[in-house]
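Asks: my questions are about this predicted structure, shown below with the sequence.
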Amino acid sequence: PVPLPSVPAAPVGATPGAAAAPAGTPRAPEQRVTVENPTRVLGSISLRGARFDDVVLKGYHETVDRNSPLVRLLAPRGNAHPYFGQWGWTAADGRTRVPDADTDWTADGTALSPGRPVTLRWDNGDGVEFRIRLELDADYMLLARQTVVNRSAEPIQVLPWARIRREATPQVAGFFILHEGFVGVLDGRLHEWTYADAREEAQKRRGPAFEQESTGGWSGFTDKYWLTALTPENQATRIRTAYRHVNDGGDRWQVDMAPPAAETLAPGAESTFGMRLFAGAKEVNLLDAYSDRYGIVDFDKAIDFGWFYFLTKPFFHVLHFLGTLTGNFGVAILLFTLGLKILFFPLANKAYKSMARMKVLAPKMTEIRDRYKDDPAKAQSEMMALYRSEKVNPASGCLPILIQIPVFFALYKVLFVTIEMRHAPFFGWIRDLSAPDPTNLFNLFGLLPFDPMQWSTLFHMPAWAIAMGITMYLQYKLNPTPPDPIQAKIFAWMPLIFTFMLASFPAGLVIYWTWNNLLSIGQQWYIMQLDAKAQKKAGTWVAPAKPEKAKKG
């Protein structure tokens, strides 16, 4: 296959295909074609180099303040973080003049919008014409059909390509559970590379960090909420994809796609290569719609749903439905948690019944431990005999926790990575469920005019985290005290530890945990009352006593 180099830039003041301008002659300003659809994007395409390098996203603001600036996704050279899509050709025959990064194209229109395509043209002066027909849909997808027409007397070989380029390393969130960097699915396999890994691999290979030929697929750059990606118009097309890093005074990153080899065009022939460019927000339903419409395999994997994909995505759809139904994603979380409790009610009942019996048996367990304190093996044997006689399974009490762990991580992913949760309000002071609760105990919840976070992130203790800690402590008090003193101390400190751990978590997750604790407390208390009544009726009930009192007896 013909190598795909970075597109060279022509000297300033020179127009490919034209005679060089006299030294010192000022060059005319670059021309632009505006790009806009009704509710999604606003920007422009530079006719100098055929770069799609100016996009802001309508409907998405930088902060929860509706007067804050719109999110800028693509930016031209000269900006602090240049980021753009571009189309071009490589001269595979080594002699055909092709447009480069400094070529001035002409356009047959001044505005690109849905239903109003624009075609860019450039003639190399040797009988070869290059065209790029651009079509914009109502969301975030731009279709570019690159056509070359050979009107010369000789056959030519040119290779069309499309690329997305970042000319500075973006600031990443840096979370272990979130991938940011190169991303793509080729031949059904997900390929993810962080910027650091791509830099290391490119330096090691002295070439692309990653390169693969595939049938269809897509590749690009993913941020937490935003995506740029290339995918061929026809998913049956064979393409070659590369992830590149160039260090020429600064880190530059590139994803490019091209046919595996250049096509030979006889005189009078023409050839067209179609490539789509997505540049927008990673909305789950929109990515799924594109996947269905164009056959783009696993386009939703641009969203980092993680290992619990089989839970995370269904959770998202349920939360999104409930949020749309109620108009509040916080209420959706409460209803969703209640639904999970109902779903797992039989399993949790069995666990809580076992825990209730364990609490009643705590004095007997303490007595056995004290009686055989010098013989651990005998103590363990007597404990097991007690469990058998009372028909109690001590491990069953762990079931609610084991069930909650994957649910917790899946819900955490939904709140953390899906843009639908970004800037979604709850009630009161919670204006963004995907961000930490902004209140703080250490400044008396805003009564004192200073920010304790300027000292350390440890000085962040929001109201919802405190509520979560209290409910966790109440739930701990309902549980049987572990016979092992060290284990008992660990469990006693867990509510406080989790209060500090979850203080910086998304508010929606802390609300979920608090509400889940309250539902668990209610369910556990109810089961304990039913179990006590049943034991009294059977004449086997023993009033629970604290282990310390049992020792004195």
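Replies: Ah, there it is. Numbers count the residues shown, from 1 in each chain.

Asks: what's stretch 417-432 in contact with?
Replies: 60-61, 63-64, 178, 224-225, 281-284, 303-305, 316, 319-320, 323, 328-331, 414-415, 433-434, 437-439, 463-464, 506-508, 511 (CB atoms under 8 Å, 6 or more residues apart in numbering). Yep, even glycine has a C-beta here, placed from its N, CA and C like the rest.

Asks: pull out the buried members of those residues.
Replies: Buried by 16 or more other CB atoms under 10 Å: 60-61, 178, 224-225, 281-284, 303-305, 316, 319-320, 323, 328-330, 414-415, 433-434, 437-439, 463-464, 506-508, 511, out of the contacts of stretch 417-432.

Asks: re the thing from before, keep only those of the contacts of stretch 417-432 that are in helices.
Replies: If you go by DSSP state H, the contacts of stretch 417-432 have 284, 316, 319-320, 323, 329-331, 414-415, 463-464, 507-508, 511 in helices.

Asks: from the residues you listed, pick the one nearest residue 83.
Replies: Ranked by distance to residue 83 (CB to CB), those are led by residue 284 at 23.3 Å.

Asks: hmm, back to that, okay, who's weakest in the ones in helices among the contacts of stretch 417-432 by pLDDT?
Replies: pLDDT across these is lowest for residue 415, at 84.

Asks: surely residue 107 meets residue 46?
Replies: No. Using CB atoms under 8 Å, residue 107 is not in contact with residue 46; the gap is 10.8 Å.

Asks: what's the overlap in contacts for these two?
Replies: residue 31.

Asks: quick one: contacts of stretch 43-54?
Replies: Contacts of stretch 43-54 (CB under 8 Å, 6+ apart): 7, 30-36, 55-56, 74-77, 82-88, 99-107, 112, 118, 120, 132, 134, 142, 277, 279.

Asks: point out where the stretch 1-150 of the chain drops to low pLDDT.
Replies: Counting by pLDDT under 70, the stretch 1-150 of the chain contains low-confidence residues at 1-25.

Asks: which residues of it fall in strands?
Replies: For the stretch 1-150 of the chain, the strands defined by DSSP state E, counting those that start in this stretch cover 32-36, 41-46, 51-61, 70-74, 83-91, 106-107, 111-112, 118-123, 128-136, 141-150.

Asks: sheet partners, orientation included, of the third one?
Replies: What that stands for is strand 51-61. Sheet neighbours of strand 51-61, with direction, are listed as strand 41-46 (antiparallel), strand 70-74 (antiparallel), strand 83-91 (antiparallel) (DSSP bridges).

Asks: what's next to the shortest one, contact-wise?
Replies: What it means is strand 70-74. 42-43, 52-58, 60-62, 83-85, 226, 228, 279-280.

Asks: try it again at 6 Å.
Replies: With CB atoms under 6 Å, 6 or more residues apart in numbering as the test, strand 70-74 has contacts from 53, 55-57, 60, 62, 83-84, 226, 279.

Asks: what of the longest one?
Replies: Strand 83-91 is contacted by residues 7, 50-53, 74-75, 98-99, 132, 144, 146, 158-160, 162-166, 277 when judged by CB under 6 Å, 6+ apart.

Asks: so what angle separates the directions of that strand and strand 141-150?
Replies: 20 degrees (axes from the mean of the first three to the mean of the last three CA atoms, to 10 degrees).

Asks: and strand 83-91, how far out from the chain middle?
Replies: 27 Å (CA atoms, centre = their mean, to the nearest Å).

Asks: on that earlier part again, of all the strands of the stretch 1-150 of the chain, which one is nearest residue 388?
Replies: strand 51-61 (60.8 Å).

Asks: and residue 498, that's in a strand?
Replies: No. If the criterion is DSSP: H, G, I helix; E, B strand; the rest coil, then residue 498 is helix and not within a strand.

Asks: I'd like to know how far it sits from residue 426.
Replies: Distance, residue 498 to residue 426, by CB to CB, to the nearest Å: 21 Å.

Asks: which of these two has more neighbours?
Replies: residue 426 (21 against 17; other CB atoms under 10 Å).

Asks: if I look at that one, how far off is residue 433?
Replies: Distance from residue 426 to residue 433, by CB to CB: 6 Å.

Asks: how about residue 141?
Replies: Counting by CB to CB, the gap from residue 141 to residue 433 is 29 Å.

Asks: and if you look at residue 227?
Replies: 22 Å.

Asks: verify the stated contact: residue 117 with residue 137.
Replies: No. Contact criterion CB atoms under 6 Å: residue 117 and residue 137 do not qualify, at 11.0 Å.

Asks: before we move on, the earlier item: any shared contact partners between residue 426 and residue 433?
Replies: residue 330.

Asks: and the residue nearest to residue 306 when sequence neighbours are not counted, how far from residue 303?
Replies: Once flanking residues are discounted, residue 306 sits nearest to residue 413: 5.1 Å by CB to CB, 6 or more residues apart in numbering. With distances taken as CB to CB, residue 413 is found 9 Å from residue 303.

Asks: residue 427 too?
Replies: For residue 427, the distance to residue 303 - CB to CB - is 27 Å.

Asks: again, but for residue 118
Replies: From residue 118 to residue 303 the distance is 31 Å (CB to CB).

Asks: where along the protein do the helices fall?
Replies: 195-205, 284-294, 309-326, 329-343, 345-371, 376-390, 399-417, 463-478, 485-501, 507-538, 547-552.

Asks: report the buried residues of stretch 313-326.
Replies: Buried residues in stretch 313-326 (16+ other CB under 10 Å): 313, 315-316, 318-320, 322-323.

Asks: whoops, I mixed them up, stretch 520-532
Replies: Quick answer for stretch 520-532 (16+ other CB under 10 Å): 520-521, 523-524, 527-528, 531-532.
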